[in-house]
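A.B. asks: Need a 3D model of the following:
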Amino acid sequence: MRLGKRALLGLLAAPAIARAQGTGTWPDRPLRFIIGAAAGGVSDIFLRLMETRLRERLGQPLVIDPRPGAGGMLGAEVAARSAPDGYSFFVNHIASHGIGPTLYRRLSFDPLKDLPGLCRIARMPNVLIVKGDSPHRDVAALIAFMRANPQAATFASAGTGTSSHLSGVLLGLRTGIETIHVPYRGTAPSMAAVMNGEVLFAIDNAPASRQQVLGGLLRALAVSTAGRATTMPELPTLQESGIADFDVASWYGIAAPAGLPRPITDRLGGEILEALADPGIAGRIREFGAEPAPLPAAAYNEYMRQQVAAWAPVVKASGASVD
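C.D. replies: So this is what the prediction gives:
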């Protein structure tokens, strides 16, 4: 049987077309996951908790590519500019897709449009912490002290625009206290500032202070979420402690460049959601201080739009902006 030239070219091109459409042999090489922070941080840890299962299911290793800076926005931009071929992904989060769209005034890309979500992975509470030997043993005592001593109402954050920054701003808005933001270059130095008494308090990711709280160097007063955290049920929420309408959680998920073929979105998103349903993986996430919070693509993208709307007035009230 003889084939015409056009038919022959079509057969030769078919494998490439199939790969572009997310079918065929995908994945046939390692998958790159860009993270917007240094190795060893939360994004890195979540990937490593799922790495073995995903490698077994997909038949390819995961390559973690740290691109720290600008609250995760540098890594997000690298991911958004990557080819939507199913080999570059981004671990996105509240800073990149919840706070960042309002905080950064001159972004060269739109996080929600150019880097949409595949699925959400987890949520974790922030924890209000003070120095271990602080005289303030509950939220009411801390608030009373700040009202009487407004010049001492200082709080540390891991940097401008992070959830630790905006959580401190929100506490001030909800209590009518003008809290004083002291930004640091990362979580570790901000925790050290609380331990050393350089600032009065911080409200940061639960895992960041877990060991110091257990060791008595820091004291945890409350969690930021509306409900108590399953990983620390002994701690009251800020709402239970008298701070109305306070519900903050840091969240993480997977995003990909716009235009990723639907079959790849469904396949990878589905594999990650199945991994989160594994009791062993879910248990390790809880041991870390977070809570599995799976959402598929459509629900995750709607959730992120809601988060941008919720955080926009807080960002504006903080006066923070980045060109």
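A.B. asks: In the chain, what helix or strand scores lowest on average pLDDT?
C.D. replies: Least confident helix or strand, the chain: helix 5-20 with a mean of 41, by mean pLDDT, DSSP states H and E.
A.B. asks: so what's the residue positioned nearest the centre of the chain closest to, chain neighbours aside?
C.D. replies: Centroid-nearest residue in the chain: H93, 2.8 Å away (criterion: Cα atoms, centre = their mean). In space, H93 comes closest to Y252 once its chain neighbours are excluded; the distance is 4.8 Å by Cβ to Cβ, 6 or more residues apart in numbering. Every C-beta, even on glycine, is put in place using the N, C-alpha and C of the backbone.
A.B. asks: What helices and strands are in contact with the helix or strand hosting the one you found?
C.D. replies: Per DSSP states H and E, Y252 falls inside strand 249-255. Applying 3 or more Cβ pairs under 8 Å, 6 or more residues apart in numbering; DSSP states H and E, we find strand 249-255 packed against helix 42-58, strand 88-93, helix 94, strand 117-131, helix 262-276.
A.B. asks: Which strands and helices lie in contact with the second one?
C.D. replies: Meaning strand 88-93. Looks like strand 88-93 contacts strand 31-35, helix 42-58, helix 73-80, strand 249-255 (3+ Cβ pairs under 8 Å, 6+ apart).
A.B. asks: Mind doing that once more with 10 Å?
C.D. replies: Strand 88-93 sits against strand 31-35, helix 42-58, strand 62-66, helix 73-80, helix 111-114, strand 117-131, strand 249-255, with contacts defined as 3 or more Cβ pairs under 10 Å, 6 or more residues apart in numbering; DSSP states H and E.
A.B. asks: average pLDDT for that strand?
C.D. replies: Average pLDDT, strand 88-93: 97.
A.B. asks: And the next helix or strand past it?
C.D. replies: The helix or strand immediately downstream of strand 88-93 is helix 94, counting by DSSP H and E.
A.B. asks: And the contacts of that next one?
C.D. replies: For helix 94, the external contacting residues (Cβ atoms under 10 Å, 6 or more residues apart in numbering) are 71-72, 100, 123-124, 126, 162-163, 166, 205, 248-253, 304, 307, 311.
A.B. asks: could you redo the last one with a cut-off of 7 Å?
C.D. replies: S163, S250, W251, Q307 (Cβ atoms under 7 Å, 6 or more residues apart in numbering).
A.B. asks: same question, stretch 105-112
C.D. replies: With Cβ under 7 Å, 6+ apart as the test, stretch 105-112 has contacts from 76-77, 80, 96-97, 100-101, 304-305, 308, 321-323.
A.B. asks: The same query, at a cut-off of 8 Å, please.
C.D. replies: 73, 76-77, 80-81, 92, 96-97, 100-101, 115, 255, 301, 304-305, 308, 321-323 (Cβ atoms under 8 Å, 6 or more residues apart in numbering).
A.B. asks: out of the helices and strands packed on strand 88-93, which comes closest to L295?
C.D. replies: strand 117-131 (3.9 Å; Cβ to Cβ).
A.B. asks: Can you list the strands that that closest one pairs with?
C.D. replies: Strand pairing for strand 117-131, using DSSP bridges, gives strand 201-205 (antiparallel), strand 218-223 (antiparallel), strand 249-255 (antiparallel), strand 291-296 (antiparallel).
A.B. asks: which stretches of the stretch 1-150 of the chain have low pLDDT?
C.D. replies: Within the stretch 1-150 of the chain, the stretches with pLDDT under 70 are 1-24.
A.B. asks: give me every residue that touches P27.
C.D. replies: Contacts of P27 (Cβ under 8 Å, 6+ apart): L58, G59, Q60, G86, Y87.
A.B. asks: Of the residues you listed, just say which sits nearest to L214.
C.D. replies: For the contacts of P27, the nearest to L214 is L58 (36.4 Å; Cβ to Cβ).
A.B. asks: Now do the same for the spatially closest residue to that closest one that is not a sequence neighbour: helix, strand or coil?
C.D. replies: Sequence neighbours aside, P27 is the residue nearest to L58 in space, at 5.6 Å (criterion: Cβ to Cβ, 6+ apart). For P27, the assignment made with DSSP: H, G, I helix; E, B strand; the rest coil gives coil.
A.B. asks: Hmm, S96 and the residue nearest to H93 touching each other?
C.D. replies: No: judged on Cβ atoms under 8 Å, Y252 makes no contact with S96 at a distance of 9.8 Å.
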